[in-house]
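**Q** Predicted model and sequence below, questions to follow.
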Amino acid sequence: MGKIIEVEKEAETVELATEIAIKDLGFPKEFVAVEVLTLPVKGLFGFGKKKAKIKATVTFDSGKEVLKFLEQFFEVSKLNLNAKISRNNSKGVKINIYGEDASVLIGKQGRVLDSLERISTLVANKYKISKRTVKLDIEGYRDKRRDQLIEQSASWAAQVKKTGKPHILHPMSTRERRVIHNALEKNPDVYTKSQGEEPKRYVTIYKTDEK
């Protein structure tokens, strides 16, 4: 269950009502917008006295916070890179990264990019409003890598069919192992299995008659 993102509070003053609301919401002040619904009225001789009433709403935006984190990371790391949000909705956050130092951030087999994506997911879900997925891509790398793996999968499957010997792939991320499994799941000549322990989990391709 996500956190409460809107509350109404009454108190002797607007300031006190706001303080109570922020404490109940559990967010820093900069992520809370306050609307004054009713101003306090002192009344006369105890009659007509009214408390202040406010509505406090959480304004934390997962996509914008991830973008801010990435920009700060680029600056501290002295990387000539920029980032742009391409999706920021209930389905999650997707951010495209581009610039001169793109290859540095990808790393071997996308491992640096995968690590940065995991950290970005923690940033997006810092306050646990609702579970948000974060996907980072660098100049179309994800699609290029997926196409490359699909093409290689066909070649590896043909080799296994011909030799009858299992083919063990190098350790891969969950995302890349999924690409291999999906690419070969309808191939009648082979089947795949993920084996080992993270972060060195890998895929093995077997000939079907060995199943």
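**A** Done, it's in.

**Q** alpha carbons only for contacts and neighbour counts from here, please
**A** OK.

**Q** per the record, what domains does this protein have?
**A** What automatic domain parsing lists as the domains of the chain is 6-58, 62-139, 143-210.

**Q** can I assume residue 187 sits in a strand?
**A** No - judged by DSSP: H, G, I helix; E, B strand; the rest coil, residue 187 forms no part of a strand; its state is coil.

**Q** Kindly spell out which helices and strands sit in contact with the helix or strand of the chain with the lowest mean pLDDT.
**A** Counting by mean pLDDT, DSSP states H and E, the chain has its least confident helix or strand at helix 102-106, which shows a mean of 91. Where contact means 3 or more Cα pairs under 8 Å, 6 or more residues apart in numbering; DSSP states H and E, helix 102-106 is packed against helix 111-124.

**Q** buried sites along the helix it packs on?
**A** Of the residues in helix 111-124, 113-114, 116-117, 120-124 count as buried by neighbour count, 16 or more other Cα atoms under 10 Å.

**Q** Next: stretch 12-28.
**A** Using 16+ other Cα under 10 Å as the test for burial, stretch 12-28 gives 12-14, 16-18, 20-22, 25, 27.

**Q** What are the contacting residues of it?
**A** Under the contact criterion Cα atoms under 8 Å, 6 or more residues apart in numbering, stretch 12-28 has outside partners 3-11, 29, 32, 34, 36, 39-40, 51-54, 56, 58, 127.

**Q** again, only this time at 10 Å
**A** Identification of contacts with stretch 12-28 by Cα atoms under 10 Å, 6 or more residues apart in numbering yields 3-11, 29-42, 49-60, 127.

**Q** and those, which are buried?
**A** Buried by 16+ other Cα under 10 Å: 5-11, 29, 32, 34, 40, 50-58, 60, out of the contacts of stretch 12-28.

**Q** which residues of this protein fall in helices?
**A** For the chain, the helices defined by DSSP state H occupy 14-25, 62-76, 102-106, 111-124, 141-163, 174-184.

**Q** Before I go, just wanted to say thanks for your time.
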